[in-house]
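1. Predicted model and sequence below, questions to follow.
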Amino acid sequence: MYSSSGKTSFNDKTGKNMARLITFSVDGVKRPGAIKGDRVLDLKAAGLPTGEMGDLLAIVRGGDPMLARVRSAIADWNAQEFRLDEVNIEAPIVHPPKVIGVGLNYIDHCREANMAVPKEPVIFTKYSTSVAGPYDDVHWYKDVCQNVDYEVELGVVIGKPASRVTEESALDYVLGYTVVNDVSARDLQLGGAGQWDIGKSLNTFCPYGPAIITSSEVENPHNLDLRLTVNGEIRQTSNTSNLIFKIPELIAYLSKGITLLPGDLIATGTPFGVAMGMKNPIWLKDGDVCEAQIDGLGTIRNMMRAL
């Protein structure tokens, strides 16, 4: 497992220090926090609520009034804080109510997968037990799957209940954005009966983080560079401007008949460069290190473990 010590990356294009919502742990105890510069601010110590797992979920469920309390506390901080090297950074919400994936949402990825460009969003589920932290190991059992792949994706975190919302108002329901690696077992997803949910939902197959960057701090979520490396080799690079179905369309489409809840995570799709699209696929193997990065949101770094 990667510790956050010396490895945490909260990059952004402008170089500004922005407050970023996180869940962190000290001595194994999780608590909600915010990163400001090189400090980790303990929001629990400032009187903010914690979720059942010690994470951000209670704050997220509190909506705009709770976020206003968070911003006020950060602006006039006088509670406990830590150095980055004193904490472990966890998944922002340990068990999101829903993790929703979007398939085939970049044209170049459709081409490499030899699949038609969809006329409406392709939706699947990743179970909440697939969630892992931004520096946790990703593991699988060799008697379960062999062909393990990576997918860097922009994650959208819902901030308030959304039912039958319009595209015009959809972004009002977004709390913020994060980095997701939609790890996928292709032999389960596409072989045999084609078990998408199982192939996408094995334990630890949804590392994300390292933070939730609130929507007010992201000027344009449809103009973010994203990339993924394996052992330092660039495998994927693109920009969210290339999404086929933009975020408002996805939220409106999903919320027609499914109520989106605070804390729900939507992984918006991956661009060209996955192993599955190679003539001779280079699947992830034991000991590989994946780094998924989105400018302004940070980097997640996970070691692969085949058990």
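-> Here it is on my side, so go on.
2. and the helix or strand harbouring Lys200, how far out from the chain's middle?
-> Lys200 is part of helix 196-201 when elements are defined by DSSP states H and E. Here helix 196-201 is found 17 Å from its chain centre; the criterion is CA atoms, centre = their mean, to the nearest Å.
3. sec struct for Asp108, please.
-> helix (DSSP: H, G, I helix; E, B strand; the rest coil).
4. I figured Asp286 hits Gln146, correct?
-> No. Counting by CB atoms under 8 Å, Asp286 stays clear of Gln146, with 11.5 Å between them. For the C-beta atoms, the positions are set from N, CA and C on the backbone; glycine is no exception.
5. Quick one: neighbours of Pro92, just the number.
-> 31 (other CB atoms under 10 Å).
6. Please report how far the nearest residue to it once chain neighbours are set aside lies from Leu307.
-> With CB to CB, 6 or more residues apart in numbering as the criterion, Pro92 has its nearest non-adjacent residue at 4.8 Å, and that residue is Ile212. For Ile212, the distance to Leu307 equals 30 Å [CB to CB, to the nearest Å].
7. Give me the more crowded residue out of those two.
-> The neighbour count for Ile212 versus Leu307, taken as other CB under 10 Å, is higher for Ile212 (27 against 10).
8. Using CSV, write out every CA atom in stretch 182-190.
-> The C-alpha coordinates for stretch 182-190 follow below in CSV (Å, rounded to 0.1, in the frame of the first residue of the first chain):
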residue,chain,number,x,y,z
ASP,A,182,-12.2,2.3,-13.4
VAL,A,183,-10.1,-0.9,-13.1
SER,A,184,-11.7,-3.7,-15.2
ALA,A,185,-11.4,-7.4,-15.6
ARG,A,186,-11.9,-7.8,-19.3
ASP,A,187,-12.2,-11.6,-19.3
LEU,A,188,-15.2,-11.2,-16.9
GLN,A,189,-16.6,-8.2,-18.5
LEU,A,190,-16.5,-9.4,-22.1
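9. what is the rounded mean pLDDT of that stretch?
-> Stretch 182-190 comes out with an average pLDDT of 95.
10. And for stretch 237-250?
-> 97.
11. Can I get it as CSV, trimmed to CA atoms?
-> Extracted as CSV, the C-alpha positions of stretch 237-250 are listed here (Å, rounded to 0.1, in the frame of the first residue of the first chain):
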residue,chain,number,x,y,z
THR,A,237,-3.9,11.1,-22.5
SER,A,238,-6.9,13.2,-23.5
ASN,A,239,-9.1,16.1,-22.4
THR,A,240,-12.6,16.0,-21.0
SER,A,241,-13.7,18.3,-23.9
ASN,A,242,-13.8,15.0,-25.9
LEU,A,243,-16.6,13.5,-23.8
ILE,A,244,-19.4,12.4,-26.1
PHE,A,245,-22.1,12.9,-23.5
LYS,A,246,-21.3,15.8,-21.3
ILE,A,247,-21.9,15.9,-17.5
PRO,A,248,-25.3,17.7,-17.7
GLU,A,249,-26.6,15.2,-20.2
LEU,A,250,-25.5,12.3,-18.1
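12. related to what we said a few turns ago, give the buried residues for the helix holding Lys200.
-> Going by neighbour count (16 or more other CB atoms under 10 Å), the buried part of helix 196-201 is 196, 198-201.
13. So which elements touch the helix or strand following it?
-> With elements assigned by DSSP H and E, the helix or strand that comes after helix 196-201 is strand 206-214. Strand 206-214 sits against strand 20-26, strand 88-90, strand 131-132, strand 174-181, strand 265-267, strand 298-306, with contacts defined as 3 or more CB pairs under 8 Å, 6 or more residues apart in numbering; DSSP states H and E.
14. now the angle from strand 206-214 to strand 20-26?
-> Angle between the axes of strand 206-214 and strand 20-26 is 130 degrees (criterion: axes from the mean of the first three to the mean of the last three CA atoms, to 10 degrees).
15. Pull the distance from strand 206-214 to the chain's centre.
-> 5 Å.
16. Report the angle between that strand and strand 298-306.
-> Using the same axes, to 10 degrees: strand 206-214 against strand 298-306 is 170 degrees.
17. Give the next helix or strand downstream of strand 206-214.
-> Past strand 206-214, the next helix or strand by DSSP H and E is strand 225-230.
18. C-terminal to that next one, what's the next element?
-> strand 233-239.
19. Pull out the buried positions in that next one.
-> Buried residues in strand 233-239 (16+ other CB under 10 Å): 235-236, 238-239.
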